[in-house]
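*Asks:* A predicted structure for the sequence below; I have some questions about it.
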Amino acid sequence: MLVFLFPYLSTLAANSDEIRLLDYFNSGNILVRWDVMILSNSENLFGSEFQQRNKLLEETCKKYYFEDVKYVRPLFMYHPLNLSYCKVPKVASSYWMRFFSALGDTTSRINAFDQIRFKVHRMHLVNVSQTSKFNNIKNKLIVTRNPFTRLFSAYVDKIFLSENWQRYGRLIIKDYRDRASSYSLKCGNDVQFHEFLQFVTAKRNDNSNRHWNPITVLCNPCDIKYNFIIKLESFAKDRDNFIQQIGIKRDNILKYNNLSHKDYTIHAIRDLAATSILHFRNKSPKVCYKDIILFSRLFSAFQIQGYIHREAVFNIEDFSDARISDPESVISVYIKIYNNNPLTSRKEWKDQRKMYFVKAYQNITFEILKKIQNMYYLDFKLFDYNLEPERIDNL
């Protein structure tokens with residue numbers, strides 16, 4: 001069982017100065033440019049992998065899916081390509097929001113990948129509320145992810161970090177922890193992974209959230225005929241195939257896609273740190289939101305995501321000059337730690353991420369795993385993910 005508990009939870013008062021929001025990504029290193037080209041009918045054939053996924057989706061829907069779901073979430077549209085996207089949180093949704101922004105005007109093209117995720121997710125949604133209207137759209141994109149890894153990502157991003165301590169953390173501890181301390185009940189900032197899973201899989205209406213709702217609930221794939229199914233597990237290959245099929249010139253896609261592993265990691269550290277600081281600032285009660293708590297949580301989150309080496313040790317002295325009111329003073333510490341002992345290859349990055357994932361699930365009870373299977377059953381089946389609990393460590 002992966003338990004996230006850190007020292008110094010009761011020490012070091014948070015800096016109450018109003019945060020200064022810095023424009024972290026104005027260096028000009030990430031230039032975005034999109035050009036649309038028209039493909040002939042012979043060129044605009046779906047790749048065999050997309051065809052296979054579409055066929056599996058159609059066959060599985062006929063076998064398992066019986067309810068006509070009327071609800072359809074708002075989607076993102078790019079009209080010049082008659083292209084829509086159903087947004088699924090914790091499945092590279094920040095990337096695709098930037099992708100859509102980059103398809104816009106000149107200003108959007110330049111700034112799309114410069115903005116932190118907090119701003120990116122405020123982009124305008126087009127509400128196509130009827131299935132018939134959805135199916136009039138030629139190119140429909142959905143991006144999927146194994147439910148087990150998606151749940152772990154949701155826990156780290158939305159519960160382990162500070163965004164939902166007051167909204168969900170206190171409720172989870174109250175309902176799923178025996179003999180919880182008064183501090184935990186007040187702050188909700190030390191929810192353990194197994195407690196989060198108990199909460200998510202409980203049959204109740206007040207634990208539903210788009211960040212962990214099944215994809216089938218969010219995007220209705222059995223009624224909406226998505227013709228592009230991208231998997232996060234093969235993201236780079238699928239994305240490039242999609243870009244080619246949809247009619248966007250490969251030569252002028254974006255510099256962002258060609259960043260070195262080091263530059264990408266530094267960009268990701270800045271993005272998550274800046275967003276987390278935005279959520280953390282000016283929160284109360286202050287006893288729950290001390291600077292050192294955020295510093296240590298971000299440190300661990302960066303290790304989980306493969307940005308900081310697993311052998312690195314959190315040292316409070318490294319953050320002696322860091323202040324929430326000065327985001328760059330915080331971010332520079334993490335970048336220095338990364339530079340001192342970087343993960344230099346994609347394989348090393350993937351292996352570290354897998355290690356933390358396996359550790360998170362290794363002591364989750366069979367009962368909870370079965371509840372995950374039941375809750376996400378259609379996601380497993382429709383998108384060809386393994387639902388056997390004993391094999392999740394092979395993801």
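*Replies:* Perfect, thanks for sending it. Residues are numbered from 1 along each chain as shown.
*Asks:* nearest spatial neighbour of Tyr376, skipping sequence neighbours?
*Replies:* Of all residues beyond its chain neighbours, the one nearest Tyr376 is Pro147 (3.8 Å), with distances taken as CB to CB, 6 or more residues apart in numbering. Heads up, the C-betas are built off the backbone N, CA and C, glycines and all.
*Asks:* residues near the one you found, how many?
*Replies:* Summarising burial for Pro147: neighbours were counted as other CB atoms under 10 Å, giving 22.
*Asks:* In this model Tyr377 seems to touch it, though I could be wrong.
*Replies:* No: applying CB atoms under 8 Å as the test, Pro147 and Tyr377 come out as separate, 9.2 Å apart.
*Asks:* the strands in the stretch 51-200 of the chain, which residues?
*Replies:* In the stretch 51-200 of the chain, the segments counted as strands under DSSP state E, counting those that start in this stretch are 76-78, 83-86, 139-144.
*Asks:* packing partners for the last one?
*Replies:* Contact here means 3 or more CB pairs under 8 Å, 6 or more residues apart in numbering; DSSP states H and E; on that basis strand 139-144 packs against strand 83-86, helix 93-102, helix 215-219, strand 228-231.
*Asks:* and the most centrally placed residue in the chain, what is it in contact with?
*Replies:* With distances taken as CA atoms, centre = their mean, the chain has Lys90 as the residue nearest its mean C-alpha position (2.8 Å). Residues near Lys90 by CB atoms under 8 Å, 6 or more residues apart in numbering: 145, 150, 153-154, 157, 211-212.
*Asks:* and it, how far is that from Asn227?
*Replies:* 23 Å (CB to CB, to the nearest Å).
*Asks:* Then Phe235?
*Replies:* Shown here: Phe235 relative to Asn227, a distance of 18 Å by CB to CB.
*Asks:* again, but for Thr144
*Replies:* Distance, Thr144 to Asn227, using CB to CB: 14 Å.
*Asks:* Among the two, which residue is more densely surrounded?
*Replies:* More neighbours surround Thr144 than the other of Thr144 and Asn227, with 26 against 17 (other CB under 10 Å).
*Asks:* My read is that that one contacts Ile215, right?
*Replies:* Yes: when contacts are counted by CB under 8 Å, Thr144 is listed as touching Ile215 (5.9 Å).
*Asks:* Could you save the contacts of Lys90 as CSV and add columns showing pLDDT, distance to Ile364 and neighbour count?
*Replies:* Written out in CSV, the entries for those read as follows (pLDDT from 0 to 100; distance: CB to CB, whole Å; neighbours: other CB atoms under 10 Å):
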residue, pLDDT, distance to Ile364, neighbour count
Arg145, 96, 18, 22
Arg150, 96, 15, 23
Ser153, 96, 15, 21
Ala154, 96, 15, 21
Asp157, 94, 19, 21
His211, 91, 19, 19
Trp212, 94, 15, 24
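*Asks:* Farthest-apart pair in these, please.
*Replies:* Using CB to CB, the contacts of Lys90 span at most 13.0 Å, a distance reached by Arg145 and Asp157.
*Asks:* Show me the shaky parts of this protein.
*Replies:* Counting by pLDDT under 70, the chain contains low-confidence residues at 1-47, 65-74, 103-135, 205-207, 249-259, 389-395.
*Asks:* pretty sure His331 is in a helix, no?
*Replies:* Actually, residue 331 is Ile. It isn't His. Yes: residue assignment for Ile331, taken from DSSP: H, G, I helix; E, B strand; the rest coil, places it within a helix.
*Asks:* so what's it up against?
*Replies:* Residues in contact with Ile331, defined by CB under 8 Å, 6+ apart, are 24, 269-270, 273-274.
*Asks:* any idea of the angle the helix or strand where Ser276 lies forms with helix 93-102?
*Replies:* Per DSSP states H and E, Ser276 falls inside helix 261-280. Our comparison of helix 261-280 with helix 93-102, counting by axes from the mean of the first three to the mean of the last three CA atoms, to 10 degrees, yields an angle of 100 degrees.
*Asks:* Could you list every helix and strand in contact with helix 261-280?
*Replies:* Other helices and strands packing on helix 261-280, by 3+ CB pairs under 8 Å, 6+ apart, are helix 117-120, helix 291-304, helix 327-340.
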